[in-house]
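Peer 1: return a 3D structure for these sequence lines:
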Amino acid sequence: MPETPDIRKTVEDNRGTLKKLQLKIPALQEYRKLEDIRAADQLLRKQISDKLNDSKTKLEELRKAMTAKNDFTNLTIVGSTISKIQQVSGVIQHAQQGSAGISPNIRIDEGVLNKLYEYDFDSVNTSEQIFTTCSNSMSDYNSGRQIQDIASQISSLLDNLGMSWKKRLDSVENILVTK
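Peer 2: Numbers count the residues shown, from 1 in each chain. Below you'll find the predicted structure:
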């Protein structure tokens, strides 16, 4: 699996003239840097959420195949797993970013935003594992693997991602203190 690039660098490299000008003005320099980190983090979280949504699509295909084979006994298990993916995807997509506004109520510096990005970056691998497992679910099912085992594996990965995300949120809550 190729290494995921650091989106912060891409955002910096794609700064337009106005953003580059903001970096030269002391009063706007910090604001511009923080907004760029937030933009990179938002792109990263969208990537994770999209990967989870693609995983959901793979499980929906599995559910259709099960129905076509008149295998109705485990549809609930697959449906529950699909719901869990949707829930985790929504939490990640709409997670708190930390405001870097010109005059925010709570001061969040570059180190804090970078820490948020690092937490989110670590979630990329787990979302890839979930997608791979969901992508393989059809062939696993057709080769005789039990649906309960497939769903359990996916659910375990989702639990890991959820715990990692909770750790991120706990970290943010501990960080959000004004000086």
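
Peer 1: output the contacting helices and strands for the longest helix seen in the chain.
Peer 2: Of all the segments of type helix in the chain, defined by DSSP state H, the longest one is helix 26-68. Where contact means 3 or more CB pairs under 8 Å, 6 or more residues apart in numbering; DSSP states H and E, helix 26-68 is packed against helix 7-13, helix 17-24, helix 75-93, helix 110-142, helix 147-175. For every residue, glycine as well, the C-beta is placed using N, CA and C.

Peer 1: for those, which one sits closest to Lys69?
Peer 2: Of all the helices and strands packed on helix 26-68, it is helix 110-142 that lies closest to Lys69, at 9.1 Å by CB to CB.

Peer 1: how about the closest one: buried residues?
Peer 2: 112-117, 119-121, 123-124, 126-131, 133-135, 137-138, 140-141 (16 or more other CB atoms under 10 Å).

Peer 1: what do you get for stretch 53-73?
Peer 2: Applying 16+ other CB under 10 Å to stretch 53-73 flags 54-56, 58-59, 62-63, 66 as buried.

Peer 1: run a quick neighbour tally on the closest residue to Asp140 other than its chain neighbours.
Peer 2: Once flanking residues are discounted, Asp140 sits nearest to Ile150: 5.6 Å by CB to CB, 6 or more residues apart in numbering. When counting by other CB atoms under 10 Å, one arrives at 23 neighbours for Ile150.

Peer 1: cool, Leu161 as well?
Peer 2: By other CB under 10 Å, the residues close to Leu161 number 24.

Peer 1: cool, thanks, signing off.
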